[in-house]
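A.B. asks: Have a look at this fold, sequence not included:
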């Protein structure tokens, strides 16, 4: 009975083996005698269906099946998206590739050899941020970004290329989303495994943006890669124009790009040049040199513990970039022990980078930067960055420390807040720019708290005899995409006050044009006098700031001002009238006109209110000043105290000030 069962099972097994063997033999015979060129239309249709684009093969096709399958194809082309500029996204003159079949069963792609020649790749991204390399869409209207194939834990299994030969490759990247065009040309790239040295080496040359480029890499051999517990060594050096990059270290899981223990060094003349390589829009900068650890957490690359220089400033911290999103996301925590603000000139549209970067006057005497913010770049990335500077170098305003939190979300840029410490006080700035609105709108709010007057006058001859602190608040709304546009369209209120301080008597007497007392102070020495209040209350409408209240009141002199500051034209038209509170026969009770531009203000006695522009007006005003200022009958008596509390209360009420 058992013998019969064994015979039956043997017969059934033989039949099953025969059923499997027959199609295998048929496939082998078919592959041996089949003309692969006849299969080109069928394979092109299959590939077109998978990619959602038209694939054509105009040259010869040959396939050699086996444990390592070899494929050779000529004249391979892939159509572009309907919105693309070029007809074809990819053209390959010659392609020869071999693929090991057994590793595919475990999900690994091993390519023993890969050779390509005469390649033209036209990569594009449209205004919505959609790339033409995102396949599988019939209508090409979906704005969601396709994600690269990944394992269940989110890691990417990269193919392993054992031998590589690349010749005459050109990649054109036209990015309408970020308004950037990039050209990469590979003249040659060679590489392969050296079993004796137990390593793989690759060497290439070409050009990047028209500048010479070189690539050199040394990797571990396949033996090292297949050793489960042995980290995979990696050494890469890249230069493209003035960009220099070096990566050294090991990778625990190289095919998944996990377990990185790498040191990254990067240097160049301008951070904005990195945009084509990273996809991260960065404003122009001075020369930089940074180094730190390169890590990978999930889909994010982390530049951890980096340190280096940006112009004359030092930088250190952590930055993470997640490229697995429709818009790359940056998160960072950056600290500077010495920050020279001129190194950030490119970030506000002033002179771009360099050790001598500064805000220079433009034609017409204007100094506010008029370079527009590129809104497409604002929408190209999301960001959340914290910054702290512990020592600030500025040409004029003394800033001790700076802390800022900056965010960027779908084109909306926010600073919430930036805190500038000045002595024991600070200025907190809140700024929002809504890049998705038309016209582009921005909100500005600043809170001034206990800013020390002596710290502001540091380095001047009046600093020893001055004291007091300023408080204030600014609330403005604007439209525009440059500093000049924002200031020139501002609407809102500005209020700055100071009470219970003291000023240099010499400074006050000079403001009051008291000749005798000023000369006496210069001979006998300066001393301070109490300041009852300083009140500046301005209302802004379409960039013209009107002085509703402008008072500088001391026990000696009450100076009352009026006029406007036109930020659209960057011109001043102010009139200051001093009223000395003590009688002196040589006191010139003469108004002072402050006119000219922000870049070159011009102040001059103006008793007849005719202005100070032009040499003839200045000569006439000088004569009138002597005549009207010295005639006793015109003296209307000593100046009166200003109603400080009332003026300050009105200004605060107008701004809704919470005494911040």
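C.D. replies: Ah, there it is. Everything numeric in this text was worked out from a predicted model, so none of it was measured.
A.B. asks: tell me which helix or strand of this structure sits lowest on mean pLDDT?
C.D. replies: The helix or strand of the chain with the poorest confidence is helix 615-630; it has a mean of 40 (mean pLDDT, DSSP states H and E).
A.B. asks: ok, residues contacting the one helix or strand residue 443 maps to?
C.D. replies: Element membership for residue 443 (DSSP states H and E) is strand 441-452. With C-beta atoms under 8 Å, 6 or more residues apart in numbering as the test, strand 441-452 has contacts from 422-434, 468-480, 486, 490, 492, 496, 660. Glycine gets a C-beta too; all of them are placed from N, C-alpha and C.
A.B. asks: Cross those against strands and list the overlap.
C.D. replies: Among the contacts of strand 441-452, the members found in strands (DSSP state E) are 422, 425-434, 469-479, 492, 496.
A.B. asks: Is there a quick PyMOL command that grabs whichever of the residues you listed are buried?
C.D. replies: Buried members of the ones in strands among the contacts of strand 441-452, defined by 16 or more other C-beta atoms under 10 Å, are picked up in PyMOL with:
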select buried, resi 422+425+426+427+428+429+430+431+432+433+434+469+470+471+472+473+474+475+476+477+478+479+492+496
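A.B. asks: my hunch is that residue 41 is in a helix, does that hold up?
C.D. replies: Yes. Assessed by DSSP: H, G, I helix; E, B strand; the rest coil, residue 41 belongs to a helix.
A.B. asks: Tell me how far it lies from residue 47.
C.D. replies: Distance of residue 41 to residue 47, given as C-beta to C-beta, to the nearest Å: 11 Å.
A.B. asks: which one of these two has more residues nearby?
C.D. replies: Taking other C-beta atoms under 10 Å, residue 41 and residue 47 do not tie; residue 47 has more neighbours (16 against 11).
A.B. asks: Identify the residue spatially nearest to that one, adjacent ones excluded.
C.D. replies: residue 55 (4.1 Å; C-beta to C-beta, 6 or more residues apart in numbering).
A.B. asks: Now do that neighbour against residue 41, distance only.
C.D. replies: 10 Å.
A.B. asks: Could you do residue 74 as well?
C.D. replies: With C-beta to C-beta as the criterion, residue 74 and residue 41 are 16 Å apart.
A.B. asks: Leaving out the residues flanking it, which one is nearest to residue 385?
C.D. replies: If the residues on either side of it in the chain are set aside, residue 385 comes closest to residue 332, at 4.3 Å by C-beta to C-beta, 6+ apart.
A.B. asks: Could you pull up the residues touching the one you found?
C.D. replies: Residues near residue 332 by C-beta under 8 Å, 6+ apart: 317, 318, 319, 320, 383, 384, 385, 386.
A.B. asks: change it to 10 Å
C.D. replies: 303, 306, 317-321, 383-387, 406 (C-beta atoms under 10 Å, 6 or more residues apart in numbering).
A.B. asks: helix or strand for the residue nearest the centre of the chain, which one?
C.D. replies: In the chain, the centroid-proximal residue (C-alpha atoms, centre = their mean) is residue 282; its distance is 3.5 Å. Using DSSP H and E, residue 282 sits in no helix or strand.
A.B. asks: same check, this time on the one 10 residues further on
C.D. replies: Secondary structure assigned from DSSP H and E places residue 292 in strand 288-297.
A.B. asks: again, but for residue 539
C.D. replies: Using DSSP H and E, residue 539 falls in strand 528-541.
A.B. asks: mind listing what's buried in that strand?
C.D. replies: 528, 529, 531, 532, 533, 534, 535, 536, 537, 538, 539, 540.
A.B. asks: Kindly report the same for stretch 38-45.
C.D. replies: 40, 44.
A.B. asks: just how off-centre is that stretch within its chain?
C.D. replies: Remark: stretch 38-45 is offset 48 Å from the chain centroid, using C-alpha atoms, centre = their mean, to the nearest Å.
A.B. asks: picking up where we left off before, got the angle for the strand holding residue 443 vs strand 469-479?
C.D. replies: Angle, strand 441-452 to strand 469-479, by axes from the mean of the first three to the mean of the last three C-alpha atoms, to 10 degrees: 170 degrees.
A.B. asks: Parallel or antiparallel, which strands does strand 441-452 pair with?
C.D. replies: If you go by DSSP bridges, strand 441-452 pairs up with strand 425-434 (antiparallel), strand 469-479 (antiparallel).
A.B. asks: moving C-terminal of it, what's the next helix or strand?
C.D. replies: Downstream of strand 441-452, the next assigned helix or strand under DSSP H and E is helix 453-456.
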